[in-house]
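Colleague: sequence and predicted structure, then a few things I'm wondering about:
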Amino acid sequence: DGGITQSPKYLFRKEGQNVTLSCEQNLNHDAMYWYRQDPGQGLRLIYYSQIVNDFQKGDIAEGYSVSREKKESFPLTVTSAQKNPTAFYLCATSRYRGTSRETQYFGPGTRLLVL
Amino acid sequence: EDQVTQSPEALRLQEGESSSLNCSYTVSGLRGLFWYRQDPGKGPEFLFTLYSAGEEKEKERLKATLTKKESFLHITAPKPEDSATYLCAVFMDSNYQLIWGAGTKLIIKP
């Protein structure tokens, strides 16, 4: 069963806590992306990775960190430095790297809430 | 500044009442545009890619068109299951990032 999986579906963060969102894909896609979605705003890019062991910051990387140790996995850590983390987080993949022309396919999302 | 604006923010239609959603953009070096559909609490689902002015693509009750300044998503005789938020995003060869609109929430009443 091919696709993109994100876990957990809901995540609760306490003050001062780091939390990690999982994104796994079995599509054999090269590029992976993390977006944040807030009500009334367009998707905003947090980080993207075009190849294993390499990633670039997007527009709103502050307070977030990522790793890409395997082609299939691109976890996102929301650190305590991110003061307003409540949002819907979306992971996406595209088949080839090197251009924004490639269609991006999205996972089901993780909703992060602050306790 | 590169910008994408979608209008209206929300649109309520009766079942069978055709209409259009708009995605306008001010960007330099536009190379194309994506349309996605997003159901509540789910990830966006790809619909169309348009590359050049004058291009049209169709899928069931949806037809997307592109001009030099905007794109329209026409919905013909919609059904309640077409209710969703529709997102557009533009891309340029000079930039790896997409620029996203905020979306139009479409509600089709039976």
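Modeller: Looks like it came in fine. Note that the coordinates shown come from a computational prediction; the quantities given were computed from them, not determined experimentally.

Colleague: quick one, grab the pLDDT at residue B:94.
Modeller: Listed pLDDT for residue B:94 reads 65.

Colleague: again with the one 5 residues further on
Modeller: You'll see residue B:99 listed with a pLDDT of 93.

Colleague: so who does it touch?
Modeller: By CB atoms under 8 Å, 6 or more residues apart in numbering or on different chains, residue B:99 lies in contact with A:42, B:2-4, B:25, B:27, B:89-91. All C-beta spots, glycine's among them, are computed from the backbone N, C-alpha and C.

Colleague: any chance of those residues in JSON lines, with neighbour count too?
Modeller: Listed next are these as JSON lines, based on neighbours: other CB atoms under 10 Å in any protein chain shown:
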{"residue": "A:42", "neighbour count": "20"}
{"residue": "B:2", "neighbour count": "14"}
{"residue": "B:3", "neighbour count": "12"}
{"residue": "B:4", "neighbour count": "22"}
{"residue": "B:25", "neighbour count": "20"}
{"residue": "B:27", "neighbour count": "17"}
{"residue": "B:89", "neighbour count": "22"}
{"residue": "B:90", "neighbour count": "25"}
{"residue": "B:91", "neighbour count": "24"}
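
Colleague: who in chain B is up against chain A?
Modeller: Neighbours of chain A within chain B, by CB under 8 Å from any CB of the partner chain: B:4, B:9, B:31-32, B:34, B:36, B:41-46, B:49, B:87, B:89, B:91-93, B:95-103.

Colleague: among these, name the buried ones.
Modeller: With burial judged by 16 or more other CB atoms under 10 Å in any protein chain shown, the buried subset of those is B:4, B:31-32, B:34, B:36, B:43-44, B:49, B:87, B:89, B:91-92, B:95-103.

Colleague: how about the strands of the chain, start to end?
Modeller: All of this refers to chain A. Along chain A, the segments classed as strands by DSSP state E run A:4-7, A:10-13, A:19-25, A:31-37, A:44-51, A:54-57, A:64-66, A:76-78, A:87-94, A:105-106, A:110-114.

Colleague: actually it's chain B I care about, not the one you picked
Modeller: B:3-7, B:10-14, B:19-26, B:30-38, B:45-50, B:56-59, B:62-66, B:70-75, B:84-92, B:99-100, B:104-109.

Colleague: would you list the strands of chain A in JSON lines and tack on distance to residue B:64?
Modeller: Output for these, formatted as JSON lines (distance: least, CB to CB, whole Å):
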{"stretch": "strand A:4-7", "distance to residue B:64": "24"}
{"stretch": "strand A:10-13", "distance to residue B:64": "33"}
{"stretch": "strand A:19-25", "distance to residue B:64": "27"}
{"stretch": "strand A:31-37", "distance to residue B:64": "22"}
{"stretch": "strand A:44-51", "distance to residue B:64": "23"}
{"stretch": "strand A:54-57", "distance to residue B:64": "30"}
{"stretch": "strand A:64-66", "distance to residue B:64": "32"}
{"stretch": "strand A:76-78", "distance to residue B:64": "31"}
{"stretch": "strand A:87-94", "distance to residue B:64": "20"}
{"stretch": "strand A:105-106", "distance to residue B:64": "18"}
{"stretch": "strand A:110-114", "distance to residue B:64": "29"}
